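A.B. asks: Return atomic coordinates for the entry below.
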Amino acid sequence: MAWAGWIEPKFSVTLGAMNCFVTGASGFIGANLVHELVARGHRVKVLVRGRSDLRGLAGADVERVEGDVADAAKLRTALRGCDWCFHVAASYHLWLPDYAPMYAANVEGTRHVIEAAASAGCSRIVYTSTVGCIGLPQERGETGEHRRSNQRIIPTDETTPVSEAQMTNHYKLSKWQAELVARELAAKGLPVVIVNPSAPVGPRDVKPTPTGKVIVDFLNRRMPAYLDTGLNWVHVRDVALGHILAAEKGRIGERYILGNATGNWTMKEAFAVLEKITGIPAPKFRVPYPIALLAAHVDEAISRLTGRPPKAPLAGVRMARYKMYFNPAKAIRELGLPQTPPEQALADAAEWFRANGYANQ
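C.D. replies: Here you go, the predicted structure:
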């Protein structure tokens, strides 16, 4: 049964320019999404907070609405006349002295945005989740080097079983609960499509994101060692286009991993590519996981006393224990997700960071 508050959309997604609403537009994915929407002739309204850093939106012709996802009434007003809604905003922290605001933003904020977009008659509501809500790969093999071999790790997809018990930190748990809200509302008939980006890199990483900071530290020669972990590296432009394709072609209630089929690389492999791109030597020393875990425990103990965020959050070190390899075949098949080579993604990221003063050279 369709949700009673949903107004049947008056516009078909096959028509030309759409009126789009984007939350989280000042963030990394959001800013790139906005630029791609504008480049395609769509009209864009963005929700930004008064203190947001808007450098990522420079040059984009958009209408700005000041507010946040906690204000359901303002969202309903702002979304009037919109055809597509992209809910990209999220509170992303691996350590906080109090996690309640993060749950409020990520979980209840998601409900506010989706319900407001449905009431406005949006024909598609694209919710940005994370691959942290997808089941992790199981490493095949015995022990030691065999267990760490890439060939023995099978990337997972949207069908991999996963449960709340596997959400091992507050960020992942809050996003998991938010995704459950999105699924619940889709089951009630709301036109929700869920996308799960992997590890995007590229231009406009203003903050920068944790993944972007790895690249910045590498460029500044502040990366003396690495952990034996792995990510699915994807160009942020492909992720942005994946959102638009989800609005155009995505099936209601479905999840789509926005990643790269050839982007499942260890950190060591990513640094080797960065060395080739930049000429900066890659770190040679691998930090044993137990040492990294002990250091994180100490770092967080200090943070509890000082109130300042740890340099290496325990949640991040624990996630690094696993190779987060994913299979985006569904998004490639159903949406036509672009597959920019990950080497190009890293090159574009390095070039943008250097051009914008993040690197010392």
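A.B. asks: got the contact list for Asn169?
C.D. replies: Contact analysis of Asn169 by C-beta atoms under 8 Å, 6 or more residues apart in numbering lists Leu94, Ala315, Arg318, Met319. Yep, even glycine has a C-beta here, placed from its N, CA and C like the rest.
A.B. asks: Counting neighbours, what do you get for the third one?
C.D. replies: I take that to be Arg318. Residues near Arg318, counting by other C-beta atoms under 10 Å, number 16.
A.B. asks: Likewise for the last one?
C.D. replies: As a burial measure, the neighbour count of Met319 was computed by other C-beta under 10 Å and equals 19.
A.B. asks: Pretty sure it sits against Tyr171.
C.D. replies: No. In this structure, Met319 is not within contact of Tyr171 by C-beta atoms under 8 Å, at 9.4 Å.
A.B. asks: Quick check: neighbours shared by those two?
C.D. replies: Gly132.
A.B. asks: returning to what we had before: in strands only, show me the contacts of Asn169.
C.D. replies: For the contacts of Asn169, not one is inside strands, with DSSP state E as the criterion.
A.B. asks: Let me have those residues in JSON lines, extended by pLDDT and distance to Ala199.
C.D. replies: Below are the contacts of Asn169 laid out as JSON lines (pLDDT from 0 to 100; distance: C-beta to C-beta, whole Å):
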{"residue": "Leu94", "pLDDT": "82", "distance to Ala199": "14"}
{"residue": "Ala315", "pLDDT": "71", "distance to Ala199": "16"}
{"residue": "Arg318", "pLDDT": "76", "distance to Ala199": "17"}
{"residue": "Met319", "pLDDT": "76", "distance to Ala199": "11"}
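A.B. asks: farthest pair in the residues you listed?
C.D. replies: Farthest-apart pair in the contacts of Asn169 is Leu94 and Arg318; separation 9.5 Å (C-beta to C-beta).
A.B. asks: residue contacts, Ala17?
C.D. replies: Contacts of Ala17 (C-beta under 8 Å, 6+ apart): Gly41, His42, Arg43.
A.B. asks: before we move on, what about Gly230?
C.D. replies: Applying C-beta under 8 Å, 6+ apart to Gly230 gives the contacts Asn150, Ile153, Asn264, Trp265, Thr266, Met267, Glu269, Lys323, Met324, Tyr325.
A.B. asks: Would you mind checking those for buried ones?
C.D. replies: Ile153, Asn264, Trp265, Thr266, Met267, Lys323, Met324, Tyr325 (16 or more other C-beta atoms under 10 Å).
A.B. asks: Tell me which two of these sit farthest apart.
C.D. replies: Farthest pair in those, by C-beta to C-beta: Ile153 and Met267, 13.9 Å.
A.B. asks: which one of the contacts of Gly230 sits closest to Leu219?
C.D. replies: Looking across the contacts of Gly230 and measuring by C-beta to C-beta, the closest to Leu219 is Met267, at 15.4 Å.
A.B. asks: what about that closest one, distance to Arg43?
C.D. replies: According to C-beta to C-beta, to the nearest Å, Met267 stands 41 Å off from Arg43.
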